[in-house]
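S.K.: what's the 3D shape of this:
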Amino acid sequence: VGNSSVLTCFLKGNITMLTWTITPKAGGLCTLVYRRTRTAHPSCSKLAPCMSPCWCFAAPPRLSLSCDEQGSPVCEAAAGKPPAQLSWVPEGSSTAEEKCYDNGTVTVLSKFTACSTNVTNVTTCMVSHPAGNWSQSISC
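M.R.: Coordinates of the predicted model:
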């Protein structure tokens, strides 16, 4: 803690992603992911309260979209590291909650609760994450 390291890799060919696996003396494995086409997380200075320092080592979430009993869309980005950012199209009111796990991953659950009356009934969940961006649409 408090030290930094320089990881060097001499690129050969058309490589777009590099990974380093780090085995700490205590805790689980961490994987550092660098994508040439995407901004990497250069530091762990903005830790979420429930995350380990390995939050900046990206693990893509699993996306699911469903309708609850009241007919509202519910979007889940499960087991991401760091937590995914969820948004809705069309824009409207939503609630979100995070569940943190011991392995440093976070599941984000967002429920779309309201939209204007002049909008179609198709709703899209947009997921933003360092490992990629995804979307799914549903009509509840």
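S.K.: contacting residues around Lys111?
M.R.: Counting by CB atoms under 8 Å, 6 or more residues apart in numbering, Lys111 touches Asp68, Ser72, Pro73, Val74, Cys75, Ser94, Thr95, Ala96. In this view, the C-beta of every residue, glycine as well, is placed from N, C-alpha and C.
S.K.: how far away is it from Val122?
M.R.: Per CB to CB, to the nearest Å, Lys111 is found 17 Å from Val122.
S.K.: burial count for the closest residue in space to Gly132 that isn't next to it in sequence?
M.R.: Leaving aside its sequence neighbours, Gly132 sits nearest to Pro60 (CB to CB, 6 or more residues apart in numbering; 6.0 Å). Counted with other CB atoms under 10 Å, the neighbours of Pro60 add up to 17.
S.K.: Asn103 too?
M.R.: Other residues close to Asn103 by other CB under 10 Å number 13.
S.K.: helix, strand or coil for it?
M.R.: Recorded secondary structure, Asn103: coil (DSSP: H, G, I helix; E, B strand; the rest coil).
S.K.: of the contacts of Lys111, which belong to strands?
M.R.: Pro73, Val74, Cys75, Ser94, Thr95, Ala96 (DSSP state E).
S.K.: quick one: the strands in the protein?
M.R.: With DSSP E, the ranges of strands along the chain come out as 17-22, 30-35, 62-67, 73-80, 85-89, 93-100, 106-114, 122-129, 132-139.
S.K.: mean pLDDT lowest where, among those strands?
M.R.: The stretch with the lowest mean pLDDT among those is strand 30-35, at a mean of 62.
S.K.: now the contacts of Lys111: which count as buried?
M.R.: Ser72, Pro73, Val74, Cys75, Ser94 (16 or more other CB atoms under 10 Å).
S.K.: sorry, back to before: quick one: which of the contacts of Lys111 is nearest to Ala131?
M.R.: Using CB to CB, Cys75 is the member of the contacts of Lys111 that sits closest to Ala131, with 16.9 Å.
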